[in-house]
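Participant: Here's a sequence, model it:
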Amino acid sequence: MSSSSDASESSGAKPCAATADKDKQKEKARVSRTSLILWHAHHNDAVAVRKLLEEDRALVHARDYDNRTPLHVASLHGWIDVAKCLIEYGADVNAQDRWKNTPLADAEGAKKHIMIELLKSYGGLSYGQNGSHFEPKPVAPPLPNKCDWEIEPAELDFSGSVTIGKGSFGEILKAHWRGTPVAVKRILPSLSGDRLVIQDFRHEVNLLVKLRHPNIVQFLGAVTEKKPLMLITEYLRGGDLHQYLKEKGSLSPTTAVSFALDIARGMAYLHNEPNVIIHRDLKPRNVLLVNSSADHLKVGDFGLSKLIKVQNSHDVYKMTGETGSYRYMAPEVFKHRRYDKKVDVFSFAMILYEMLEGDPPLSNYEPYDAAKFVAEGHRPMFHGKGHTPELKELIEQCWSADMNQRPSFLEILKKLEKVHS
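Facilitator: Below you'll find the model as predicted:
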């Protein structure tokens, strides 16, 4: 640590270091609050939105990766109280997102009639990519079939690109798009003509384009009309949770709970959309850190055959046989039995256990053997000091053999928030 060297510095240097540190803290707080106001706007929490705006009025102009404001989010869902609060604090009713759509265009596309009247009463105009100030007309919010997200391969700069992951379908590279670092999943050229691969790829894009949440890796666009097929998401500088735990070992209960809250928020969003999305490969490698300070986590890597839309609660799904997944795999998946979204809750329990222990669950077993051992009814032993009674109980509930006994992620969030407070 640098504290000892700081102590030996002259007293004149200290205020500069302290000021820089304060600036860093302020920046971190701003980033965190930006995510929070978008999150609360999405979940119709007008009280929380107002509280944030009382602390920092500038948050009314917060933007996500698609340049959408909290008012865009509220308008799309028809959350009147949230919208009124935002307008009261000076929200721009005609702000445009990445697709040039206004909040009114989103409200009209979603047929939120009361919201439409509210926005019009404050001078809201309906325009977007295909409209203008002078020719107002309803513009639906961006949908997968509009292909607003289609990216020209020439816009991607691979000079000095770095491989950050490999899989059976292709590789993930760090590249640049319009000057911004991005992660690009590039399908192997040999598979780009495979009908099933194309079908799965488009299926993933159609799902990802709908996801917008502070704890989900943000989809930015895709190359679907030219070869090779590519999927572009934000690039997170902090690396993955697997590498972080390898370097840090066991985390303090406070840090582990803070990390778990971020993961659970992302998963609660996936599980509670109108069409429930099961991740099916939740593990530390697929949880990413926004930066080296590790003050914010996002769930990512919705692999080609892992992200599905639940059509029927009785459907039987088969897990892809990726070795790295076995250690976090629910017993019902290993045994090829019917399963639902609670498989992700089981995997979450294993991740929380690993954060508190510092070692992967059943690290003395090979991944496949660990999954087999768990399927036979066994569970990892608690060794670390970080397992408070509340956390131990939560982990045991989440990895229950009976998936119906496992809590939902919304219930998990309530339990974690109690521990966190």
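Participant: all contacts plus neighbour counts: C-alpha atoms, from now on.
Facilitator: Fine.
Participant: What are the contacting residues of stretch 41-58?
Facilitator: With Cα atoms under 8 Å, 6 or more residues apart in numbering as the test, stretch 41-58 has contacts from 33, 37, 40, 59-60, 70-71, 73-74, 77, 79, 81-82, 85-86, 89.
Participant: Just list what the strand or helix carrying Glu117 packs against, helices and strands only.
Facilitator: When secondary structure is defined by DSSP states H and E, Glu117 falls within helix 113-121. With contacts defined as 3 or more Cα pairs under 8 Å, 6 or more residues apart in numbering; DSSP states H and E, the secondary structure elements packing on helix 113-121 are helix 103-109.
Participant: Show me what the helix it packs on is in contact with.
Facilitator: With contacts defined as Cα under 8 Å, 6+ apart, helix 103-109 is touched by 71-73, 75-78, 93-96, 113, 115-116, 119-120, 124-128, 138-141.
Participant: how distant is it from the center of its chain?
Facilitator: Helix 103-109 has its C-alpha centroid displaced from the chain centroid by 25 Å (Cα atoms, centre = their mean, to the nearest Å).
Participant: swap in stretch 241-259?
Facilitator: Averaged over its C-alpha atoms, stretch 241-259 has a centre that lies 18 Å from its chain's centre (Cα atoms, centre = their mean).
Participant: can you list contacts of that stretch?
Facilitator: Applying Cα under 8 Å, 6+ apart, the set of residues contacting stretch 241-259 is 284-289, 296-297, 352, 354-359, 386-388, 416, 419-420.
Participant: Now do the same for it: mean pLDDT, whole number.
Facilitator: Stretch 241-259 comes out with an average pLDDT of 94.
Participant: what do you get for stretch 74-92?
Facilitator: Mean pLDDT, stretch 74-92: 94.
Participant: measure Asn215 to Leu288 for me?
Facilitator: Relative to Leu288, Asn215 is positioned 9 Å away (criterion: Cα to Cα, to the nearest Å).
Participant: picking that back up, how about the helix holding Glu117, which residues are buried there?
Facilitator: Residues 115-116, 118-119 are the ones in helix 113-121 that count as buried (16 or more other Cα atoms under 10 Å).
Participant: What mean pLDDT does that helix get?
Facilitator: Along helix 113-121, the predicted confidence averages to a pLDDT of 92.
Participant: do stretch 148-166 as well
Facilitator: With pLDDT averaged residue by residue, stretch 148-166 scores 89.
Participant: Just the terminal-to-terminal distance for that stretch.
Facilitator: From the first residue to the last, stretch 148-166 extends over 28 Å; the measure is Cα to Cα.
Participant: For this protein, just list every one of the strands.
Facilitator: The residue ranges that make up the strands of the chain, judged by DSSP state E, are 156-166, 170-177, 180-187, 219-223, 230-234, 277-278, 287-289, 297-299, 308-309.
Participant: Report the separation between the two terminal residues of stretch 186-206.
Facilitator: End-to-end distance for stretch 186-206: 17 Å, by Cα to Cα.
Participant: now swap in stretch 96-114 and tell me
Facilitator: Between the opening and closing residues of stretch 96-114 we find a distance of 21 Å, counting by Cα to Cα.
Participant: Which positions within that stretch qualify as buried?
Facilitator: Within stretch 96-114, the residues that qualify as buried by neighbour count (16+ other Cα under 10 Å) are 96-110, 112.
Participant: of all those, which comes closest to Leu394?
Facilitator: Leu394 lies nearest to Ala110 out of these, by Cα to Cα, at 38.3 Å.
Participant: Next up, phi/psi of the closest one, please.
Facilitator: Backbone torsions for Ala110, taken as degrees, to the nearest 10, come to phi -90, psi 0.
Participant: From Ile116, how far off is it?
Facilitator: Ala110 sits at a distance of 10 Å from Ile116 (criterion: Cα to Cα).
Participant: just to revisit the earlier point, mark which of the contacts of helix 103-109 are part of helices, please.
Facilitator: Secondary structure defined by DSSP state H assigns 71-73, 75-77, 113, 115-116, 119-120 of these to helices.
Participant: Pick out the most distant pair among the contacts of stretch 41-58.
Facilitator: Using Cα to Cα for every pair in those, the one that comes out farthest apart is Arg33 and His77, at 20.8 Å.
Participant: how far away is His387 from Arg406?
Facilitator: Taking Cα to Cα as the measure, His387 and Arg406 are separated by 19 Å.
Participant: Lys414 too?
Facilitator: Looking at Lys414 against Arg406, where the rule is Cα to Cα, the gap reads 14 Å.
Participant: Pull the contacting residues for Glu376.
Facilitator: By Cα under 8 Å, 6+ apart, the contact list for Glu376 reads Pro331.
Participant: pLDDT wise, what is it at?
Facilitator: Here, the pLDDT recorded for Glu376 equals 96.
Participant: Check Asp295 too.
Facilitator: What the model reports for Asp295 is a pLDDT of 82.
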